[in-house]
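[1] Return a 3D structure for these sequence lines:
(chains A and B)
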Amino acid sequence: DAGITQSPRHKVTETGTPVTLRCHQTENHRYMYWYRQDPGHGLRLIHYSYGVKDTDKGEVSDGYSVSRSKTEDFLLTLESATSSQTSVYFCAIRGTGEEAFFGQGTRLTVV
Amino acid sequence: AQSVTQLGSHVSVSEGALVLLRCNYSSSVPPYLFWYVQYPNQGLQLLLKYTSAATLVKGINGFEAEFKKSETSFHLTKPSAHMSDAAEYFCAVVSGGYNKLIFGAGTRLAVHP
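    Okay, here's the model as predicted:
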């Protein structure tokens, strides 16, 4: 267990509403990532952070924003949820090596 | 930019048979490569990693992978499949700065009696 907690684990929301997903780590690692997983696409990087208040866009960042005000928390916000954002969202952290460790995921359904 | 291609979105084997999951990468620099496994309704678990040391990498649960630069491949194998190996497997490569991972589309492994 890499000490990563994602919340909520499941959420159903309506189109047009804002949604925030939380990733919390207990490892004090610098690098954190948000991915989405969709069938046939594997995992795609949404945003990542390389320190407090230091974030950057990944390959599928449109419609998403992030914030990192503390080392342990990395928040992903869907500013106005759309059905195309129905997905499973994973948070990851990079440990002392090159590999990433993943949370259990958040299943988001936008109706 | 680095990329990863996994050949075969579904692979089915008999229990006790060889498992071979294919991964090819494109990278302009020596890559860091990984295999992850995902069991139903769970996160991804690291199986093994290649970081430019030995070309044959051993991982957990009896899996191993061989880095072949000439073929730009990093195929995952296991000599004898077990029912518990049924899962989805992802190959990934580090891309750019900040250790961002680029994933393949995944291969779902089914193991039948």
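
[2] Count the neighbours of B:K69 for me.
    Burial of B:K69 is recorded as 11 neighbouring residues (other C-beta atoms under 10 Å in any protein chain shown). Yep, even glycine has a C-beta here, placed from its N, CA and C like the rest.

[3] How about A:P8?
    12.

[4] got it, and A:I93?
    24.

[5] so the residue most central in space within chain B is in which element?
    Central residue of chain B (C-alpha atoms, centre = their mean): B:W35, 3.6 Å from the mean position. Using DSSP states H and E, B:W35 sits in strand B:33-38.

[6] All the helices of chain B, residue numbers only.
    Taking DSSP state H, chain B contains no helices at all.

[7] Flag the shaky bits of it, pLDDT-wise.
    Nowhere does chain B drop to pLDDT under 70.

[8] hang on, B:K49 packs against B:F63?
    No - if you go by C-beta atoms under 8 Å, B:K49 and B:F63 don't touch, sitting 11.7 Å apart.

[9] Need the residues touching each of these two.
    By C-beta atoms under 8 Å, 6 or more residues apart in numbering or on different chains, B:K49 and B:F63 have these common neighbours: B:W35.

[10] What is the burial count for residue 5?
    Here I'm looking at chain A. Using other C-beta under 10 Å: A:T5 sits among 15 other residues.

[11] switch to chain B, that's the one I care about
    Per other C-beta under 10 Å, the neighbour tally for B:T5 reads 14.

[12] Residue 28: what's it in contact with?
    Unless you meant another one, I'm taking chain A. Applying C-beta under 8 Å, 6+ apart, the residues contacting A:N28 are A:T71, A:E72.

[13] try chain B instead
    So B:S28 contacts B:Q2 (C-beta under 8 Å, 6+ apart).

[14] and B:S26, how far is that from chain A?
    Applying C-beta to the nearest C-beta, to the nearest Å, the value for B:S26 to chain A is 15 Å.

[15] re the thing from before, what pairs with the strand holding B:W35, parallel or antiparallel?
    Looking at strand B:33-38 with DSSP bridges, its partner strands are strand B:44-50 (antiparallel), strand B:87-95 (antiparallel).
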